[in-house]
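Asker: I need the structure of the sequence given here:
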Amino acid sequence: MYRTMNVAAARLGVERSALAGALLAFAAATGILPSAAASAGSMFEVKERSVDDLKAVYATVRSTDEINARVRTGGTVASLAIARGSEVKTGDVLATVTDEKLALKMKSLDAQIVGLKSRAETALAELQRQEQLAQKGFAAGAKLDEARAASEVAANALKSAEAERAVITQQVQEGNVLAPANGRVLTLPVTAGTVVMPGETIAKIAANAYVLRLELPERHARFIQKGDPIAVGSRELSGSDAPIGKGSITLVYPELQDGRVIANAQADGLGKYFVGERVLVWISAGKRNAIIVPRAYLFNRFGLDYARLEGSDGKTIDVVIQLGQPARLEDQGEALVEVLAGLRPGDRLVRP
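Answerer: Numbering: from 1, shown residues only. Model prediction:
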């Protein structure tokens, strides 16, 4: 009986020891008690640094060049090979303009050319015959000169008809409206069957060189300048709201329009955007002092953000902090984040 009681007591002691160890481990992990591993981790001293005061604004995608594809010869639009939004390359046939009168003129010239060829051949044969007779002394010089003149007139008439036919052929070829540059079709004011005159616009093409047009309040005039970096947001609203591209200000217009500063920005990856599409952009609106710390030194517990500080006695304590917007800065490949409240310069952070 005593042996059984001793065994039960020993088992109870082991269970109590295991429970106590588990509670201590949980307390150390949650920060209730300082952990030796945390105090032995790497340290980071909190300092204020000057950062760009980023403001979120909307920019509009614009084309640097908008080129009109115009008709060179009048007529009727026989066919259209494009639609609004189509991608085109330089030299592509956008539309075909035909004129029935050109076809009739070409048929008439073809008939004239056949007759002029026959006339020129007859005149040439007569000239050769007169030359042979003149060599034998049986033809007068006047007849030879008359045959030579008739042959030259017939040959020149044939050349004139052929040149006129070449002009008509060129006019028919110019009925093909070609794309003047690489880009995207913005507007298409005509349809098949439309009667057009020389110089009319068949399509308006936006060149592939796109820029971001920013319209900022007048108070930004003293901050924004050429060369300032920007961050471009995604095309749709997302939870992360993280930037997907970078760029810079390329031009600040020297004139205010309706109380706004107009500026152009260059960014990568704008070729797939629609002209006129609005894009979220972050720009610098001056400098300010802020507390920026590495994200690795912060952690989240029960929906709150914490930082682990090292006290003067060497122990650690977890404090609640308030984070700012997602950081758009990087320091040697390490993600940084702004802390709005809970930390002050001189605090020493411990990596959790």
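Asker: list the buried residues in stretch 287-307.
Answerer: 290-294, 297-298, 305-307 (16 or more other C-beta atoms under 10 Å). To be clear about C-beta, it is placed using only N, CA and C from the backbone, and glycine gets the same treatment.
Asker: in strands, which of these fall?
Answerer: Among those, the members found in strands (DSSP state E) are 290-294, 298, 305-307.
Asker: which ones are touching residue 224?
Answerer: 216, 249, 252, 261, 263, 283-285 (C-beta atoms under 8 Å, 6 or more residues apart in numbering).
Asker: for the residues you listed, pick the one with the most neighbours.
Answerer: residue 263 (25 neighbours; other C-beta atoms under 10 Å).
Asker: that residue touches residue 216, doesn't it?
Answerer: Yes - using C-beta atoms under 8 Å, residue 263 is in contact with residue 216, at 6.9 Å.
Asker: below-threshold pLDDT in the stretch 101-250 of the chain: ranges please.
Answerer: Flagging of the stretch 101-250 of the chain using pLDDT under 70 yields the residue ranges 139, 208, 235-244.
Asker: mind listing the strands for it?
Answerer: For the stretch 101-250 of the chain, the strands defined by DSSP state E, counting those that start in this stretch cover 176-178, 183-187, 195-196, 201-207, 210-217, 229-232, 245-252.
Asker: can you lay out the buried residues of stretch 287-307 as TSV showing distance to residue 113 and pLDDT?
Answerer: Below are those laid out as TSV (distance: C-beta to C-beta, whole Å; pLDDT from 0 to 100):
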residue	distance to residue 113	pLDDT
290	85	86
291	89	86
292	84	86
293	88	87
294	86	86
297	90	87
298	89	88
305	90	89
306	95	89
307	94	89
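Asker: quick check: the farthest pair among those?
Answerer: 290 and 306 (19.3 Å; C-beta to C-beta).
Asker: what ranges do the helices span in the stretch 1-150 of the chain?
Answerer: Ranges of helices within the stretch 1-150 of the chain are 2-30, 36-39, 100-136, 141-173, based on DSSP state H, counting those that start in this stretch.
Asker: average pLDDT across the first one?
Answerer: Per-residue confidence for helix 2-30 averages out to 39 on the pLDDT scale.
Asker: and the shortest one, by the same measure?
Answerer: If you average the pLDDT over helix 36-39, you get 39.
Asker: so residue 322 bridges to which residues?
Answerer: residue 341 (DSSP bridges).
Asker: quick one: residues contacting it.
Answerer: Counted by C-beta under 8 Å, 6+ apart, residue 322 has contacts 305, 339-342.
Asker: over to residue 148?
Answerer: Here residue 148 is in contact with 127, 130 (C-beta under 8 Å, 6+ apart).
Asker: with residue 245 instead?
Answerer: Contacts of residue 245 by C-beta under 8 Å, 6+ apart are 231-232, 267-269.
Asker: the strands in the stretch 251-352 of the chain, which residues?
Answerer: Using DSSP E, counting those that start in this stretch, strands in the stretch 251-352 of the chain cover 260-267, 278-294, 298-301, 304-310, 316-323, 330-331, 334-341, 348-350.
Asker: will you turn those into JSON lines that also has distance to residue 131?
Answerer: Putting the strands of the stretch 251-352 of the chain into JSON lines (distance: least, C-beta to C-beta, whole Å) gives the following:
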{"stretch": "strand 260-267", "distance to residue 131": "76"}
{"stretch": "strand 278-294", "distance to residue 131": "82"}
{"stretch": "strand 298-301", "distance to residue 131": "108"}
{"stretch": "strand 304-310", "distance to residue 131": "110"}
{"stretch": "strand 316-323", "distance to residue 131": "106"}
{"stretch": "strand 330-331", "distance to residue 131": "93"}
{"stretch": "strand 334-341", "distance to residue 131": "98"}
{"stretch": "strand 348-350", "distance to residue 131": "112"}
